[in-house]
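A.B. asks: Any chance you can model this:
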Amino acid sequence: MSDDADLLIVNGRVFQAFGPRDLVPYGSDIGPRPVAGANALAVKDGRIAWVGRQDEGRREWQGSRTQVVDAAGGLITAGFDDAHIHVVGGALELKDADLFQLDSVEAIQAAIAAHAVANPTDAWVKGFGWMYVPFPGGLPTRQQLDAVVPDRPAFMRCYDGHTAWVNTAALRIAGIDRDTPDPRDGIIVRDPVTGEATGALKEGAQELVMPHIPVPSADETLAAMRIAIGRMHAAGITAIQDAMTELAELPLWRTLRDEGSLTLRTRLALMMRADQTFEAWSQRLDEYGAEIADLHGGEWLDAGILKAFADGVIEARTAHMLTPYENDTSTGLPEWESAQLDAFVAEADRRGWQLEIHAIGDGAIRTVLDAYERTAAANPPRDRRHRVEHIETVTREDIPRFGQLGVVASMQPYHADPSPNQIDVWAGNIGRERAGQAWSWSSIRRAGGIVALGSDWPVVPFDPMIALNSAVNRQTVGGFPPGGWLPSEKLSLPEALAAYGQGSAYAAFADDRRGTLRAGAQADLIVLDRDILDQGPSAIIGTKVALTVVGGHVVHRSKELS
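C.D. replies: Modelled structure (predicted):
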């Protein structure tokens, strides 16, 4: 039969075959939905060829060379498209000390000590993922790190990436002492009595130490990236949008693409930084344009978007707030003067670039939305899809502006995990009133905005199931607190699945080819081991990815799947 499918998946439930604007209900309850009666789909030549009833599929699409997969009643849906992830850094940190979710200073110290013993030849001892809560006052000290790594420099990055913790040896190598001035975009935390560096380095102050840390070779980095890609496939991720790509990393991505190891649809965001003149920025855009000429619109490796930071994070009190932090006079550490941001954004927009800007505090979010609004007024109309990343606390007045301006809300649900390790310092720094406006993905969606979901790995794990749990249940993985946290901001499970597929594809200008299960779309899809739409939100945690398909090729298959 000439129409034999390459792959036929049967005995499942097909979700997510609808039009792009079904992502936005515009004040109604109309939204993403399963395809009525569809329990099978066929794949041919890397694309979805058909969606419908399995009896028809077997009759019309199954031939002698067709690979048939029994979904065993599981949900068949578009693959997860992680709209905000840091692949190179995350891949390299797979071999560092894992400090995530450790809940005491002693536990953190023990993990670092064990890692140091297990890696005696490493010139530096490195770790990632410590939380603010275990440390008295919210920040660690060099003495606490000296106690377990006295003989080598040590560098431990916080889970959010915005604060580093170093020991005395690292400070000495970097030449940081009481006379070292704070960089423009960072803070060297100092002892209030002696003026000496405590070992905590906020934001850009980390860059004082990082150049002294040995850089992994290209081969080491590529090997780590291949491992990370395989683990992402096992989690059901079929596309990624790297949120912080340096020009020096482009050859790594091209190597993976050219050797066939890049089995994720990948989009790379180059950096827009405030520490340059407008003339230098204009020249950098010329350079960027030449560097990505062969990537723009690529099937496996794409570019055309720029990333900037508007502020820091609430935990370190560097996110830019409209009013001061609790028990403080500071409103954070904005990265840009408004006029400079407006000028840089407008020039990039004029040249056709898309922008994504990290903005966590309500002040930073307003600054970025203002810049996008002024740019749209100054430049000719076009389909921009500019983005704001994170959006942790936003005023009610700014929520409707996402839909009004066509700005994508790119959010990472697991940042809202209401465990004490993640929430106590966060909410304590801004107070309950502002914390009550946190992670307003439901309000943004219902006001006409499009929400794209991702992880921000390695800040938190890239597992989409824990992100879905946060978006839908507003609870920890273990179900704390009972009844959820900020229940008014819960997404429905269909909404969350759509935002993690089609919403993210829309944010990457790829919704015309992926993110939905419809004939003609790229065959990037997954099969879950259960029908979570039928079993409900309580079934999210514990759900496994049984099959992952990218471009029609099976890249992950569980042992249990027939």
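A.B. asks: any residues touching the helix or strand hosting Ala111, and which ones?
C.D. replies: Element membership for Ala111 (DSSP states H and E) is helix 105-118. Outside of helix 105-118, the residues within contact range by CB atoms under 8 Å, 6 or more residues apart in numbering are 96-99, 102, 122, 125, 127, 130, 134-135, 140, 144-145, 147-149, 152, 154, 156. (Glycine included, C-beta is placed from N, CA and C.)
A.B. asks: Show the subsequent helix or strand relative to that helix.
C.D. replies: According to DSSP H and E, the helix or strand after helix 105-118 is strand 125-130.
A.B. asks: just checking, what packs against that following strand?
C.D. replies: Secondary-structure packing of strand 125-130 (3 or more CB pairs under 8 Å, 6 or more residues apart in numbering; DSSP states H and E): strand 97-98, helix 105-118, strand 154-158.
A.B. asks: then stretch 337-347 to PDB, C-alphas only?
C.D. replies: The C-alpha trace of stretch 337-347 is given here as PDB (Å, rounded to 0.1, in the frame of the first residue of the first chain):
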ATOM      1  CA  GLU A 337      17.500  52.900  32.300                       C
ATOM      2  CA  SER A 338      14.100  53.100  30.600                       C
ATOM      3  CA  ALA A 339      15.400  55.300  27.800                       C
ATOM      4  CA  GLN A 340      18.300  52.900  27.000                       C
ATOM      5  CA  LEU A 341      16.000  49.900  27.000                       C
ATOM      6  CA  ASP A 342      13.600  51.600  24.700                       C
ATOM      7  CA  ALA A 343      16.300  52.500  22.300                       C
ATOM      8  CA  PHE A 344      17.900  49.000  22.200                       C
ATOM      9  CA  VAL A 345      14.500  47.300  21.900                       C
ATOM     10  CA  ALA A 346      13.300  49.600  19.100                       C
ATOM     11  CA  GLU A 347      16.500  49.100  17.100                       C
END
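A.B. asks: How far off centre is that stretch?
C.D. replies: On the basis of CA atoms, centre = their mean, to the nearest Å, stretch 337-347 sits 25 Å off its chain's mean C-alpha point.
A.B. asks: Check which residues of that stretch are buried.
C.D. replies: By neighbour count on 16 or more other CB atoms under 10 Å, the buried set for stretch 337-347 is Gln340, Leu341, Asp342, Ala343, Phe344, Val345, Ala346, Glu347.
A.B. asks: now the second one, nearest residue through space, not along the chain?
C.D. replies: Pointing back at Leu341 there. Of all residues not flanking Leu341 in the chain, Ala371 sits nearest, at 4.9 Å (CB to CB, 6 or more residues apart in numbering).
A.B. asks: thought the one you found was touching Asp342?
C.D. replies: Yes. Using CB atoms under 8 Å, Ala371 is in contact with Asp342, at 5.0 Å.
A.B. asks: Ranking helices and strands of this protein by mean pLDDT, which lands last?
C.D. replies: None of the helices or strands of the chain scores lower by mean pLDDT, DSSP states H and E than helix 420-435, at a mean of 85.
A.B. asks: what's it packed up against?
C.D. replies: Secondary elements touching helix 420-435 (3+ CB pairs under 8 Å, 6+ apart): none.
A.B. asks: what's in contact with the helix or strand following it?
C.D. replies: Using DSSP H and E, the helix or strand that directly follows helix 420-435 along the chain is helix 441-446. With CB under 8 Å, 6+ apart as the test, helix 441-446 has contacts from 23-25, 27, 391, 394, 396, 399, 402-403, 409, 411, 413, 451, 453, 471, 488-491, 495, 499.
A.B. asks: Tell me which of the helices and strands packed on strand 125-130 is the most buried.
C.D. replies: Mean neighbour count (mean count of other CB atoms under 10 Å) peaks for strand 154-158 among the helices and strands packed on strand 125-130, with a mean of 25.
A.B. asks: Which strands border that one, and is each parallel or antiparallel?
C.D. replies: Strand 154-158 has the following sheet partners, assigned by DSSP bridges: strand 125-130 (parallel), strand 163-166 (antiparallel).
A.B. asks: List the buried residues in the helix or strand following the shortest one.
C.D. replies: Right, strand 163-166. Note on strand 163-166: by DSSP H and E, the next helix or strand toward the C-terminus is helix 168-174. Residues of helix 168-174 classed as buried: Thr168, Ala169, Ala170, Leu171, Ala174 (neighbour count, 16+ other CB under 10 Å).
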